[in-house]
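Q: Give me a 3D structure for the following:
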Amino acid sequence: MISVCEVGPRDGLQNERDILPPETRADLINRLSGTGLPRIEAVSFVRDNAVPQMGGAEEVVGAIERRDGVEYSGLVLNEKGLERFNAMTLDRMNVTLGATDSFNRRNANASLDEAKERASAVVSSRPEGTTVTISVAFGCPFEGPVDPGVVSGLVDHFRGLGAEEIVLADTIGVATPGQVKTLIGDTAAEGFHGHNTRNTGYANAYAALEGGAKLLDASIGGLGGCPFAPRATGNIATEDLVYMLEGDGVETGIDLAALIAISEWLETVLGRPLEGQVYRAGASPAARST
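A: Numbering: from 1, shown residues only. Now for the predicted structure:
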């Protein structure tokens with residue numbers, strides 16, 4: 001069975017113009033937890049003034065109705081974020097850094113070496129239950145193509161620190177399926193985080209599975225992007241990904257109809273159509289709910 005990590009409450013909403021209150025974000029998480037998703041990235045422990053859409057992380061966590069079989073994670077960038085994470089009751093920590101110097105400076109006000117040092121200190125504190133996500137692993141908005149050797153070196157470094165899981169992120173959606181399959185295979189990374197910026201996101205997700213990945217990130221309705229990367233549009237939509245995988249006989253254990261209903265609800269919350277396709281078209285010609 002392939003695991004899908006739902007990143008909408010964090011990576012999806014962080015790029016929205018409107019700031020949803022903690023109770024609405026918790027409501028979204030609670031709805032998602034009833035679909036059979038095995039993991040939900042719930043919050044980000046960053047400064048409220050840096051990413052105001054992620055403010056009130058502690059309030060969000062406090063309002064989550066925990067469901068058995070669902071792993072709830074939080075994003076941590078530094079030791080201050082680690083302190084906040086450790087005060088919560090989340091199951092998994094996601095530590096992220098970029099593969100280039102320029103992206104780290106824009107995203108975390110640090111050089112690549114400094115970001116690597118910060119992330120290493122966090123991972124070393126509790127490697128069990130920790131995922132390391134390497135952003136811009138296939139291309140950087142400021143430096144262009146990324147050397148696969150740099151990515152491989154980062155994977156080896158954090159695996160040496162005992163990180164339980166490595167995810168490679170196509171943060172700006174520039175990768176192609178062959179590139180994804182090769183880099184996932186060469187690094188033995190467990191997961192892939194793809195964006196559909198150039199309409200290759202779903203093909204890349206499939207290629208990641210062919211390369212050996214067992215975990216795919218996706219965002220309800222295709223929400224998302226990166227506030228620090230110009231023109232980095234949404235993640236692959238969770239319901240679109242599940243439709244594709246289940247249709248090809250790849251078991252996910254996720255209720256597609258329930259996902260579609262959540263995207264329909266979220267459309268009303270945000271007051272605009274979402275980027276996903278399946279929630280609008282339906283899983284079959286008669287599947288659009290009313």
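Q: Enumerate every residue touching residue 54.
A: Neighbouring residues of residue 54 by Cβ atoms under 8 Å, 6 or more residues apart in numbering: 10, 13-14, 43-44, 46, 48. To be clear about C-beta, it is placed using only N, CA and C from the backbone, and glycine gets the same treatment.
Q: Next, the buried residues of the lowest-mean-pLDDT helix or strand in the chain.
A: Least confident element among the helices and strands of the chain, by mean pLDDT, DSSP states H and E: helix 101-108 (a mean of 92). Residues of helix 101-108 classed as buried: 101-108 (neighbour count, 16 or more other Cβ atoms under 10 Å).
Q: before we move on, back to that, so how do I select the buried members of the contacts of residue 54 in PyMOL?
A: Restricted to buried positions by 16+ other Cβ under 10 Å, the PyMOL selection for the contacts of residue 54 reads:
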select buried, resi 10+13+14+43+44+46
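Q: Quick check: strands, which of the contacts of residue 54 are part of them?
A: 43-44 (DSSP state E).
Q: okay if I get the contacts of residue 54 as TSV plus pLDDT and distance to residue 171?
A: What follows is the contacts of residue 54, written out as TSV (pLDDT from 0 to 100; distance: Cβ to Cβ, whole Å):
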residue	pLDDT	distance to residue 171
10	96	14
13	95	16
14	91	12
43	98	19
44	97	15
46	92	16
48	88	22
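Q: Torsion angles phi and psi at residue 281?
A: Per-residue torsions, residue 281: phi -80, psi -30 (degrees, to the nearest 10).
Q: For it, give its distance to residue 243.
A: Computed as Cβ to Cβ, to the nearest Å, the residue 281 to residue 243 distance reads 9 Å.
Q: ok, those two, which is more surrounded?
A: Between residue 281 and residue 243, counting by other Cβ atoms under 10 Å, residue 243 is the more crowded of the two (24 against 14).
Q: does that one sit in a helix or strand, and which one?
A: Taking DSSP states H and E as the definition, residue 243 sits inside helix 238-247.
Q: Could you tell me what pLDDT the model assigned to the residue nearest to residue 139 when sequence neighbours are not counted?
A: Beyond its immediate neighbours in the sequence, the residue positioned closest to residue 139 (Cβ to Cβ, 6 or more residues apart in numbering) is residue 174, lying 3.6 Å away. The per-residue pLDDT reported for residue 174 equals 96.
Q: Please, where are all the helices along the stretch 1-150 of the chain?
A: Counting by DSSP state H, counting those that start in this stretch, one finds helices in the stretch 1-150 of the chain at the ranges 22-33, 57-62, 79-86, 101-108, 112-125, 148-160.
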